[in-house]
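[1] predicted coordinates and the sequence they were generated for:
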Amino acid sequence: MRLTISGPPGSGKTTVCDRLSSILSLRAVVFGRIFREIAEERNISLSELGDIAEKDFSIDETIDSRLLEIARENDNVILESRLSAHMLSRNGIPAFRIYLDASPDVRIRRIGMRDNETFEEALKETEERQASEEKRYKAYYGIDINDKSVYDLIINTDDIDPDGVVQIIINALEAAGCL
């Protein structure tokens, strides 16, 4: 079973991905970690790397071609990235596509706690990151990241803990005949 987990920063994608991976015994590939690693290697912030990526398509191209390669080579995998559902749909690769969302305030609070930042710092960096991603994905791929029509399941995680989100996903997978 191939799953994609997408959503905006702070929606709970990575936490849910890691828990699903453990429960379902599926390999999890988190592409946001790759982007973070590139930023750390260059000793710059995520928003600074986003600015560079707006001018240098090779950064996104490397990450996104790797996503497709992994998806084609693995029938049983969880792919967590902002573009995974769109890219797999566009390339005819079957998957159960999940979108996690949360209100901006909840997401910014989560990001601030995770990154040990104030609300204002997390808000500024997240807004810059999202604007950069939206611009790049539209320019490079013609993808409107706000188009949710490619998803099989959309969950608002505002008032649901990660275990509750995982249970909703498992129930949906069972109902769809995937488990």
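    Here it is on my side, so go on.

[2] what's the lengthiest helix in the chain packed up against?
    Secondary structure of the chain read by DSSP state H shows that its longest helix is helix 119-141. If contacts are counted by 3 or more C-beta pairs under 8 Å, 6 or more residues apart in numbering; DSSP states H and E, helix 119-141 sits against helix 46-55, helix 57-73, helix 84-90, helix 104-115. Any C-beta I mention is one placed from the backbone N, CA and C, and that applies to glycine too.

[3] number of nearby residues for the closest residue to Leu88 other than its chain neighbours?
    Residue nearest to Leu88 in three dimensions, not counting chain neighbours: Ala95, with 4.9 Å by C-beta to C-beta, 6 or more residues apart in numbering. Neighbourhood size, Ala95 [other C-beta atoms under 10 Å]: 22.

[4] my read: Ala95 touches Leu26, true?
    No: using C-beta atoms under 8 Å, Ala95 is not in contact with Leu26; the gap is 11.8 Å.

[5] give me the common contacts of the two.
    Common neighbours of Ala95 and Leu26 are listed as Leu3 (criterion: C-beta atoms under 8 Å, 6 or more residues apart in numbering).

[6] tell me the centre residue of the chain?
    Ser81 (3.0 Å; C-alpha atoms, centre = their mean).

[7] contacts only, for Ala39.
    Counting by C-beta under 8 Å, 6+ apart, Ala39 has contacts 45-46, 48-49.

[8] in PyMOL, select just the buried ones from these.
    Here the buried members of the contacts of Ala39 are turned into a PyMOL selection, burial being counted by 16 or more other C-beta atoms under 10 Å:
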select buried, resi 46+49
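
[9] from the contacts of Ala39, which is closest to Pro8?
    Set against Pro8, the nearest of the contacts of Ala39 by C-beta to C-beta is Leu46 (13.4 Å).

[10] who are the contact partners of the closest one?
    35-36, 39, 125, 129.

[11] need those residues in JSON lines with pLDDT and distance to Lys148, can you?
    Shown next, in JSON lines, are those (pLDDT from 0 to 100; distance: C-beta to C-beta, whole Å):
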{"residue": "Phe35", "pLDDT": "78", "distance to Lys148": "22"}
{"residue": "Arg36", "pLDDT": "79", "distance to Lys148": "25"}
{"residue": "Ala39", "pLDDT": "85", "distance to Lys148": "27"}
{"residue": "Glu125", "pLDDT": "87", "distance to Lys148": "24"}
{"residue": "Arg129", "pLDDT": "82", "distance to Lys148": "19"}
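
[12] alright, calling it a day.
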